[in-house]
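Colleague: Dropping a prediction and its sequence here:
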Amino acid sequence: MNLVSASLFAALVAVTLGITAWAARRNKSAADHYVAGGALTGRQNGVAIAGDFISAASFLGVTGAIALTGFNGFYLAVFVPVAFVLALLLIAEPLRNLGRFTLADVLATRFPGKDVRSLMAISTVVISVVYLVSQLVGAALLVSLLFDLDYAVAVLIIGALTTAYTLVGGMLATSWIQIIKTGLLLVCAVALFVLVLVRFDFNPFGPFSTALAEFGEHFVAPQRSGDAASFDQLSQTVGLVLGVLGLPHVMIRFLTVPDARQARTSAYTSIWIFFGFYLMIPVLGYGAAVLVGPDTIAAENKGGNLAVAQLAETLGGGVLLAFVAAVAFVTILAALSGLVIATSGAIAHDLYGQVLRNGKVSSAAQHRAARIATVATCLVGVAIAFAAQKQNVAFLASLGMSIAACANLPALLLTLYWRRMTARAVISGIVTGLVLSIAVILLSPVVQGPDSVLPFSNPALAVAPISFVVSVLVAFATTPKGADALAAGAVFRSLRTRALTGRAAEPEEPVAVPS
């Protein structure tokens with residue numbers, strides 16, 4: 001078993017290192033490092049976007065959540081395509097037309113002050129690190145299962161590999177690793193799907209009816225477990241749908257294509273992949289519950305993160321387990337690299353290049369800063385992952401998306417679509433969303449246990465409306481008057497023209513607007 005696992009892992013890691021070496025020859029500038037020089041096609045980028053999102057949170061976490069909790073785990077799978085439809089309608093084209101390297105660049109086209117850029121960069125770092133931890137936990141659990149390694153050792157190995165990929169290959173290597181691993185992951189999912197159906201005489205409803213007979217009606221219907229639990233479930237769903245639109249490492253992928261048309265193609269491609277993939281996930285989750293058993297799954301890992309691996313071993317023995325685990329491992333490595341790039345971009349491009357150096361920094365110096373930020377990001381992620389071993393990775397990822405829904409989304413949407421939005425309103429909304437989201441998480445059962453101050457753990461449903469309301473109220477209170485209002489209106493019209501048509505996608509120096 002270990003020999004087969006080691007061989008498959010070594011082969012896939014060798015392929016990814018080869019891609020990284022190829023990309024390193026083209027990773028010469030900050031633009032290459034952050035957004036692959038904007039040279040990907042829409043279809044290539046769409047597959048890479050799908051790879052970013054179909055990661056540990058989906059393949060491991062969602063399947064495990066369904067295997068342990070039944071129907072309630074469906075919510076984590078059903079709404080992902082919905083989220084990307086919203087991204088297609090609201091964010092993809094304006095982001096491509098207005099952005100350069102980061103989400104803060106989009107806000108800076110209208111509000112060029114340092115405060116707005118700094119806060120969006122800080123929000124990006126916080127969200128990306130939370131999401132980064134979920135991927136690290138999933139990868140470390142797989143490696144420790146297959147090779148009988150200590151969890152901490154596995155985290156260190158994965159952190160080192162991620163650092164190497166990102167430092168050397170940048171976004172180009174990350175994108176092509178995502179493209180290849182997305183194909184492999186779909187092959188894995190289809191193989192497991194077919195093998196589960198074989199066990200149930202090719203009846204796709206077989207796992208559900210068997211689960212009903214074995215575990216009772218609560219396992220195949222929404223579970224009513226109290227107001228707080230219901231609120232938490234709804235909040236998690238809201239965070240998933242809205243959070244994707246503010247998730248930095250996914251949204252900046254729309255900057256890796258040359259124009260808005262290719263950004264649209266990226267979104268279409270990813271939606272179709274999500275649709276096919278998430279149709280299979282419930283069958284895999286219920287198949288794991290019936291064929292492996294919730295108790296056995298929870299005994300191996302409390303969060304259910306190894307349900308897919310256990311299902312693969314049940315269906316195909318050690319060889320299938322090794323193949324599925326190796327592909328899942330590469331899946332997570334690629335997602336980790338994208339997260340690190342988003343974080344290092346916020347630190348090096350926004351905080352260092354634009355805020356501290358006032359934009360007076362060479363591409364080479366910024367590239368150097370991005371590499372330093374890469375190492376720092378990986379170290380922080382590894383340190384936090386040591387303490388998060390027992391958490392479900394889908395839940396951890398949902399916290400990152402919820403913070404994005406509370407802090408980033410109000411700022412982005414109101415900046416893009418509301419004429420009366422002001423810089424102070426952007427700042428107030430980001431601060432409110434970020435501070436309250438983190439406060440809810442710190443005071444929740446997931447951190448404090450059953451004696452927590454708050455009865456729920458996911459902040460999206462409680463905090464996102466507050467962030468929107470605070471942004472709107474501050475915007476009304478700080479609306480410019482007279483000549484300032486005319487200047488602000490001219491800037492907004494220019495932004496809307498650029499967002500819709502792509503004209504001046506590389507913007508000239510923005511007009512300063514009073515806060």
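Modeller: In hand now; what should we look at? Numbers count the residues shown, from 1 in each chain.

Colleague: confidence score at Ser118?
Modeller: For Ser118, the pLDDT comes out at 92.

Colleague: Revised request: answer the last question for Ala309.
Modeller: If you check Ala309, the pLDDT there is 83.

Colleague: right, and it touches Val324 too?
Modeller: Yes - under the criterion of CB atoms under 8 Å, Ala309 makes contact with Val324 at 6.3 Å. Quick note: C-beta positions are derived from backbone N, CA and C, even for glycine.

Colleague: Could you pick out the longest helix of the chain?
Modeller: Longest helix in the chain, counting residues (DSSP state H): helix 151-199.

Colleague: what's the next secondary structure element after that one?
Modeller: helix 206-215 (DSSP states H and E).

Colleague: Summarise which helices and strands that next one is packed against.
Modeller: helix 151-199, helix 260-291 (3 or more CB pairs under 8 Å, 6 or more residues apart in numbering; DSSP states H and E).

Colleague: what about the longest one, distance to the chain center?
Modeller: Between the mean C-alpha location of helix 151-199 and the chain-wide mean there is a distance of 14 Å, by CA atoms, centre = their mean, to the nearest Å.

Colleague: how big is the angle separating it from helix 260-291?
Modeller: With axes from the mean of the first three to the mean of the last three CA atoms, to 10 degrees applied, the angle from helix 151-199 to helix 260-291 works out at 80 degrees.

Colleague: Give the rounded mean pLDDT of helix 151-199.
Modeller: Rounded to a whole number, the mean pLDDT of helix 151-199 is 86.

Colleague: Now do that helix: which elements does it pack against?
Modeller: Applying 3+ CB pairs under 8 Å, 6+ apart, one finds that helix 151-199 contacts helix 2-24, helix 30-35, helix 42-53, helix 114-147, helix 206-215, helix 260-291, helix 307-345, helix 363-385.

Colleague: Tell me how many other residues surround Val319.
Modeller: Look at Val319: counted by other CB atoms under 10 Å, it has 14 neighbours.

Colleague: Please name the residues that touch the closest residue to it other than its chain neighbours.
Modeller: Excluding the flanking residues, the one nearest Val319 by CB to CB, 6 or more residues apart in numbering is Val4, at 5.7 Å. Counting by CB atoms under 8 Å, 6 or more residues apart in numbering, Val4 makes contact with Gly318, Val319, Ala322.

Colleague: List the buried residues in stretch 113-124.
Modeller: Buried positions in stretch 113-124, judged by neighbour count with 16 or more other CB atoms under 10 Å: Gly113, Asp115, Val116, Arg117, Ser118, Leu119, Met120, Ala121, Ile122, Ser123, Thr124.

Colleague: Could you pull up the residues touching the last one?
Modeller: Which is Thr124. By CB under 8 Å, 6+ apart, the contact set of Thr124 is Thr102, Leu103, Ala104, Pro248, Ala342, Thr343, Gly345, Ala346, Asp350, Asn408.

Colleague: Might one say that the fourth one is in contact with Val130?
Modeller: No - counting by CB under 8 Å, Pro248 stays clear of Val130, with 11.1 Å between them.

Colleague: how about low-confidence regions in the stretch 1-150 of the chain?
Modeller: 1-2, 55-57, 72-78, 142, 145-146 (pLDDT under 70).

Colleague: Give me the three-state assignment for Gly304.
Modeller: Secondary structure assignment for Gly304 (DSSP: H, G, I helix; E, B strand; the rest coil): coil.

Colleague: Count the residues that sit near the closest residue to it other than its chain neighbours.
Modeller: Of all residues not flanking Gly304 in the chain, Gly64 sits nearest, at 2.8 Å (CB to CB, 6+ apart). If you count neighbours by other CB under 10 Å, Gly64 ends up with 34.

Colleague: can you check Tyr151 too?
Modeller: Neighbour count of Tyr151, defined by other CB under 10 Å: 16.

Colleague: Among the buried residues of stretch 113-124, find me the one that's closest to Ala14.
Modeller: Nearest to Ala14 out of these is Thr124 (CB to CB; 32.4 Å).

Colleague: For the contacts of Val4, could you give me JSON lines that also reports distance to Val190 and pLDDT?
Modeller: What follows is the contacts of Val4, written out as JSON lines (distance: CB to CB, whole Å; pLDDT from 0 to 100):
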{"residue": "Gly318", "distance to Val190": "20", "pLDDT": "78"}
{"residue": "Val319", "distance to Val190": "17", "pLDDT": "81"}
{"residue": "Ala322", "distance to Val190": "18", "pLDDT": "80"}
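
Colleague: and of those residues, the nearest to Ile384?
Modeller: Comparing the contacts of Val4 against Ile384 with CB to CB places Ala322 closest, at 28.6 Å.

Colleague: re the thing from before, how about the contacts of Val4 in CSV, adding distance to Val447?
Modeller: Below are these laid out as CSV (distance: CB to CB, whole Å):
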residue, distance to Val447
Gly318, 37
Val319, 40
Ala322, 35
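
Colleague: Next one: the residue nearest to Val319 from Gly317, what distance?
Modeller: The gap separating Val4 from Gly317 is 10 Å, by CB to CB, to the nearest Å.

Colleague: Could you do Arg199 as well?
Modeller: The gap separating Arg199 from Gly317 is 14 Å, by CB to CB.

Colleague: Contact partners for the spatially closest residue to Phe275 that is not a sequence neighbour?
Modeller: In space, and not counting its chain neighbours, Phe275 is closest to Pro81: 5.3 Å by CB to CB, 6+ apart. Residues in contact with Pro81 (CB under 8 Å, 6+ apart) are Ile271, Phe274, Phe275, Tyr278.

Colleague: Return the member of those nearest to Ala154.
Modeller: Nearest to Ala154 among the contacts of Pro81, counting by CB to CB, is Tyr278 at 27.9 Å.

Colleague: Quick check: the closest residue to Val143 other than its chain neighbours vs Leu136, distance?
Modeller: Distances taken as CB to CB, 6+ apart place Ala154 nearest to Val143, at 4.0 Å, with adjacent residues excluded. According to CB to CB, Ala154 stands 9 Å off from Leu136.

Colleague: More neighbours: which of those two?
Modeller: Leu136 (29 against 22).

Colleague: That one contacts Leu333, correct?
Modeller: No - using CB under 8 Å, Leu136 makes no contact with Leu333, being 10.1 Å away.

Colleague: what residues are shared contacts of those two?
Modeller: Residues touching both Leu136 and Leu333 comprise Ile158, with contact defined as CB under 8 Å, 6+ apart.

Colleague: The residue nearest to Gly304 and Val453, how far apart?
Modeller: From Gly64 to Val453 the distance is 28 Å (CB to CB).

Colleague: same thing with Ala104?
Modeller: Distance, Ala104 to Val453, by CB to CB: 33 Å.

Colleague: ok, these two, which is more surrounded?
Modeller: Neighbour totals were compared for Ala104 and Val453, and Ala104 leads with 28 against 12 (other CB under 10 Å).

Colleague: Which secondary structure element is home to the more buried one?
Modeller: With DSSP H and E as criterion, Ala104 is part of helix 103-108.

Colleague: Show me what that helix is packed up against.
Modeller: By 3+ CB pairs under 8 Å, 6+ apart, helix 103-108 packs against helix 92-98, helix 114-147, helix 393-417.

Colleague: what does the shortest one rub up against?
Modeller: What that stands for is helix 92-98. Helix 92-98 is touched from outside by 103, 105-106, 109, 251, 254-255, 257, 259-260, 262-264, 266-267, 416, 495, 498-502, 505, 507, with contacts defined as CB under 8 Å, 6+ apart.

Colleague: Can you say which of these are buried?
Modeller: Among those, the ones that count as buried (16+ other CB under 10 Å) are 103, 105-106, 109, 251, 254-255, 257, 260, 262-264, 266-267, 416, 495, 498-499, 502, 505, 507.
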